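Student: Sequence first, then the predicted structure:
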Amino acid sequence: VGASTANTEFEVLTGFSDYFYQAGAFPYQQYVHQNTVSLATVLKADGYSAEAIHPNNPTFWNRDKVYKYFGFDTFISENAFAVEDRNRDWTTDRAVYDVILNRIQEEAGPTFTFAVTIQNHLPYTTTGTEAVYGLHSDAYNSTELDNYMNLIRQSDEELKYLIESLRSSDEKTVVVFFGDHAPALGNDFYDGVAGKELEKYCAPYLIWANYDAGLTPGENTISANYLGGFVLKQIGTDAGPWFTYTDRLREVIPCFSQAGVVDAEGNTYSSAKEVAGSRLTGYVDEYRAFQYDLLMKNKYFLQYYGGE
């Protein structure tokens, strides 16, 4: 809970899973050292350009290098944002959305934009412009929680701004919005409020389009490594062999992460030892081998199944 935003990025963008790494591992720093399959490479093969946006130091988590390995053409980072567009010390969601909206108008062809906002980053000990909402928790006495709730309220307003702006746009656009991790509010908060263990590692997502894109209801249980393939399927683009594979695997193991594993019948596995003794073993071993090949070795998967 808290931190490791880049690990969620890694899973969503590549379809790879952090399940295969030790707790505390950071793939962006430790494992991504060559070009690899990603949402950017798949969509570029379908005629899109690809750009990443994150209003922070571009070298943090090696994003300046990793995004190139993932096939992004452009990376817009902190220098593109004004100091006045900050809440506390972090660039607001609204400022990021304005860049997205401007880029949509500027680009001549279809564009895949991957934006990582930072407005609600810790610490939550200081109050910024979100204080106007005046939210307070009666169930849990914490200034940090109150500040965080108000930040989320501000994010709601700014997401509404993005959606309403796109609703009136002639550019056909699909928005995929998801959280990277729960905020760092202390174990006592989660133990006392959240309840079930896995709920501490759950974050909401939404998929919305400003045209009739044929979207179907989302999945209640889906881990970050499957979200990219699921979205490609939703928008009807060619997902390529790797994301087609992960989307099929999702039907067997819809939740697959370090936090826990849930199979299609709703059975929960809290450890690798439990998974190893189950019917999921063959699927997991195959997934591990394919991921190692694509990320670290010779990409035989793509040669065998087609693609790059």
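Tutor: The structure has been received and is ready for your questions.

Student: Contacts only, for residue 143.
Tutor: Taking CB atoms under 8 Å, 6 or more residues apart in numbering, we find residue 143 in contact with 124-125. C-beta coordinates here come from the backbone N, C-alpha and C atoms, glycine included.

Student: Where does pLDDT dip in the protein?
Tutor: Applying pLDDT under 70 to the chain picks out residues 1-3, 192-198, 306-308.

Student: Bridged to residue 269, which residues?
Tutor: Taking DSSP bridges as the rule, residue 269 bridges to residue 261.

Student: how close does it get to residue 75?
Tutor: Residue 269 sits 37 Å away from residue 75, taking CB to CB, to the nearest Å as the criterion.

Student: Equivalent analysis for residue 238, please.
Tutor: Taken as CB to CB, the span from residue 238 to residue 75 is 25 Å.

Student: ok now do the nearest residue to residue 54 once chain neighbours are set aside, which residues does it touch?
Tutor: Leaving aside its chain neighbours, residue 54 sits nearest to residue 116 (4.2 Å; criterion: CB to CB, 6 or more residues apart in numbering). Residue 116 makes contact with 5, 9, 52-54, 180, according to CB under 8 Å, 6+ apart.

Student: Show only the entries of these found in strands.
Tutor: 52-53 (DSSP state E).

Student: Make sure residue 75 is indeed in a strand.
Tutor: Yes. The assignment for residue 75 is a strand, going by DSSP: H, G, I helix; E, B strand; the rest coil.

Student: List the contacts of residue 119.
Tutor: 87, 90-93, 151, 154-155, 158.

Student: ok, back up a step: residue 238 and residue 75 - which one has more neighbours?
Tutor: For residue 238 versus residue 75, the count of surrounding residues by other CB atoms under 10 Å is larger for residue 75: 18 against 13.

Student: beta partners of the more buried one?
Tutor: The partner residues for residue 75, given DSSP bridges, come to residue 52.

Student: Distance-wise, check residue 51 relative to residue 175.
Tutor: 15 Å.

Student: nope, residue 4 is what I meant
Tutor: Taken as CB to CB, the span from residue 4 to residue 175 is 24 Å.

Student: more crowded one of the two?
Tutor: residue 4 (19 against 15).

Student: Wait, residue 133 touches residue 154, no?
Tutor: Yes. Using CB atoms under 8 Å, residue 133 is in contact with residue 154, at 6.9 Å.

Student: And those two? Which one has more around it.
Tutor: residue 154 (22 against 16).

Student: what number of residues lie near residue 216?
Tutor: 8.

Student: what kind of secondary structure is the residue nearest to it when sequence neighbours are not counted in?
Tutor: Distances taken as CB to CB, 6+ apart place residue 234 nearest to residue 216, at 6.9 Å, with adjacent residues excluded. Following three-state DSSP, the label given to residue 234 is helix.

Student: From residue 213, how far off is residue 234?
Tutor: Noted for residue 234: a distance of 8 Å to residue 213, by CB to CB.

Student: just to revisit the earlier point, now, among the contacts of residue 119, which is nearest to residue 47?
Tutor: Nearest to residue 47 among the contacts of residue 119 is residue 93, at 28.8 Å by CB to CB.

Student: what sits against the closest one?
Tutor: Applying CB under 8 Å, 6+ apart to residue 93 gives the contacts 117, 119, 154-155, 158-159.

Student: of the residues you listed, closest to residue 141?
Tutor: When the contacts of residue 93 are compared against residue 141 (criterion: CB to CB), the nearest one is residue 154, at 21.8 Å.

Student: Find the helix or strand that that closest one is a member of.
Tutor: Residue 154 is located in helix 143-167, with elements delineated by DSSP states H and E.

Student: Ramachandran coordinates for residue 135?
Tutor: The phi/psi pair for residue 135 (degrees, to the nearest 10) reads phi -80, psi 140.

Student: With adjacent residues omitted, what lies nearest to it?
Tutor: Sequence neighbours aside, residue 149 is the residue nearest to residue 135 in space, at 4.5 Å (criterion: CB to CB, 6+ apart).

Student: Could you pull up the residues touching that neighbour?
Tutor: Residue 149 is in contact with 135-137, counting by CB under 8 Å, 6+ apart.

Student: So for residue 234 and residue 213, which sits in the more crowded spot?
Tutor: residue 234 (17 against 14).

Student: Against residue 45, how distant is the more buried one?
Tutor: Distance of residue 234 to residue 45, computed by CB to CB: 18 Å.

Student: Same question for residue 227.
Tutor: For residue 227, the distance to residue 45 (CB to CB) stands at 19 Å.

Student: Look at those two and report which has more neighbours.
Tutor: Neighbour tally, residue 227 and residue 45, criterion other CB under 10 Å: the higher count belongs to residue 227, 24 against 14.

Student: Now that one. Nearest residue, chain neighbours left out?
Tutor: Nearest residue to residue 227, sequence neighbours excluded (CB to CB, 6+ apart): residue 12, at 5.0 Å.
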